[in-house]
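return a 3D structure for these sequence lines:
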Amino acid sequence: MNFSSEQPAFLVGVTGYMELDDADGLKSQVRRLFRFLKWGPKRLDLQPPQGLGSVTLLESLLWQLVPHRCDRSLNDALRQTLAHWPGLEDTPIVILSSLAPGADSLVAEVALETEFQQAGFSVRAPLPYPADEYVNATTFDRSKPGQPDSAKETRQAKFQELLSRIRSQSAVAKPADFDVKLVEDIAIRSNQPDAGLPNETDADLARRLRYRRYYGAGEYIAVYSHLLIAIWDGQPDGSPCGTSAIVHARLRGPQPGVLPTTQGLSLPQGGPLFHIVARNAKPKTIESASNAKPADVWPPPPTIRFLHPHPDLTDEQIEPPRPDRSQLPRVQQIQMRKLAEWQREWLSLFCRIAQNLNTFNRVSSLKNADADKEYQSRTKSLFPSGEF
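Sure thing, here's the model as predicted:
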């Protein structure tokens with residue numbers, strides 16, 4: 001099927017570590033998620049995890065999504081709700097990635113594989129800086145005085161290669177890459193005072209500005225995606241623009257005053273997060289470890305999990321530290337049931353959003369006569385008595 005950049009797309013964002021172990025295994029998990037999103041739960045997985053035999057895409061996904069450590073009520077909520085996932089056969093899926101080494105590039109590379117290009121996947125790149133500046137940033141060039149970065153050219157070449165492939169996609173709105181504008185960028189364009197901008201000759205303020213740009217690009221991806229993929233270990237990393245900060249923006253809402261919005265229109269608050277647990281191949285620094293308070297350290301989650309923001313439950317309550325839920329105090333058992341109901345409700349809404357989007361794209365692609373038949377069929381199913 002041919003897809004157009006004019007069609008409403010399903011947006012999948014990505015955030016995660018720049019240094020990852022087991023890249024091949026992580027790519028397999030991303031492929032499994034992409035196939036499920038595109039084709040729905042009932043199609044057989046032609047490349048199931050080793051040892052599973054012939055299974056549907058849903059069972060293949062749930063095999064890692066709800067392992068034995070997961071609470072049974074959450075397992076049932078996920079299984080029952082995801083069984084109604086409509087698939088997105090008639091809808092383009094756009095991956096939002098900043099193309100940094102590690103998770104960003106890994107997910108973009110999977111989306112650019114032939115299988116997914118033919119299925120209507122594409123990649124757009126919201127960047128913290130224009131591409132010609134970004135390629136020379138510390139993301140790719142980690143040289144220090146007297147310590148040249150031997151891997152700099154490899155990282156930069158991979159970025160340029162991904163960028164070239166993204167720009168050559170036919171079904172992507174142009175430009176395929178763009179630098180994310182922050183509130184202060186709009187102020188400058190409007191000739192408003194820029195006295196609040198840091199003096200870049202001051203090293204501390206310049207570093208804060210750099211962090212703000214990286215966070216702004218990550219927040220843009222977090223708040224505008226239908227689904228955000230997070231590839232990290234679930235632990236706070238102590239960085240104001242790291243993966244845990246972007247996950248927090250997704251689950252708890254964006255920081256005010258970072259991204260520009262029109263007057264009276266706030267950015268969306270939270271949304272579903274697909275967490276693929278991965279170990280950071282780069283050891284955490286003593287500084288970042290010391291920034292994590294004991295209450296901020298999250299228990300190890302399952303291999304993969306869906307998360308939705310919950311107004312009453314903290315991250316610690318979502319994943320209690322003891323695996324035997326039957327031994328938890330009654331108040332925590334109630335919290336787990338509340339979480340299961342919350343997950344079911346929000347996953348159902350997630351499925352309905354996808355179904356409406358895919359139905360719109362399918363009907364809009366039909367010729368007039370076929371579209372009329374589709375409309376009449378759907379109207380009769382909604383209003384059997386004919387009163388409409």
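
tell me where the stretch 51-200 of the chain has strands.
Counting by DSSP state E, counting those that start in this stretch, the stretch 51-200 of the chain has strands at residues 93-96, 121-127, 177-179.

present those strands as a markdown table; the columns should include mean neighbour count, mean pLDDT and distance to Arg155.
Bear in mind the C-beta positions are built from the backbone N, C-alpha and C, glycine included. Below are the strands of the stretch 51-200 of the chain laid out as a markdown table (neighbours: other Cβ atoms under 10 Å; pLDDT from 0 to 100; distance: least, Cβ to Cβ, whole Å):
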| stretch | mean neighbour count | mean pLDDT | distance to Arg155 |
| --- | --- | --- | --- |
| strand 93-96 | 24 | 96 | 20 |
| strand 121-127 | 24 | 96 | 15 |
| strand 177-179 | 18 | 94 | 17 |
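
and the ones you listed: which comes nearest Leu11?
For Leu11, the closest of these is strand 93-96, at 5.3 Å, according to Cβ to Cβ.

touching the closest one from outside, list them.
Outside of strand 93-96, the residues within contact range by Cβ atoms under 8 Å, 6 or more residues apart in numbering are 9-14, 34, 37-38, 107-108, 111, 119-126, 172, 220-221, 224-225.

partner strands of it and their direction?
Counting by DSSP bridges, the strands paired with strand 93-96 are strand 10-16 (parallel), strand 121-127 (parallel).

measure Leu106 to Arg362 for me?
Distance, Leu106 to Arg362, using Cβ to Cβ, to the nearest Å: 31 Å.

okay, these two: which has more neighbours?
Using other Cβ atoms under 10 Å, the more surrounded residue of Leu106 and Arg362 is Leu106, with 24 against 15.

ok, now which ones touch that one?
Applying Cβ under 8 Å, 6+ apart, the residues near Leu106 are Gly16, Leu20, Ala23, Leu26, Lys27, Val30, Ile231.

what's the most distant pair in the residues you listed?
Among these, Gly16 and Lys27 lie farthest apart (Cβ to Cβ), at 12.5 Å.

with neighbour numbers in mind, choose between the two.
More neighbours surround Gly16 than the other of Gly16 and Lys27, with 27 against 15 (other Cβ under 10 Å).

what's the closest non-adjacent residue to the more buried one?
Spatial nearest neighbour of Gly16, chain neighbours left out: Ala103 (2.5 Å); criterion: Cβ to Cβ, 6 or more residues apart in numbering.

which secondary structure elements does the helix or strand containing Glu345 contact?
Assigned by DSSP states H and E, Glu345 belongs to helix 330-364. Helices and strands touching helix 330-364, by 3 or more Cβ pairs under 8 Å, 6 or more residues apart in numbering; DSSP states H and E, are helix 72-82, helix 315-318, helix 368-382.

just to revisit the earlier point, now distance to Trp85 too, for the strands paired with strand 93-96, in CSV please.
Shown next, in CSV, are the strands paired with strand 93-96 (distance: least, Cβ to Cβ, whole Å):
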stretch, distance to Trp85
strand 10-16, 12
strand 121-127, 17
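
and the pLDDT at Ser385?
Note on Ser385: pLDDT of 54.

repeat for Trp342
pLDDT, Trp342: 71.
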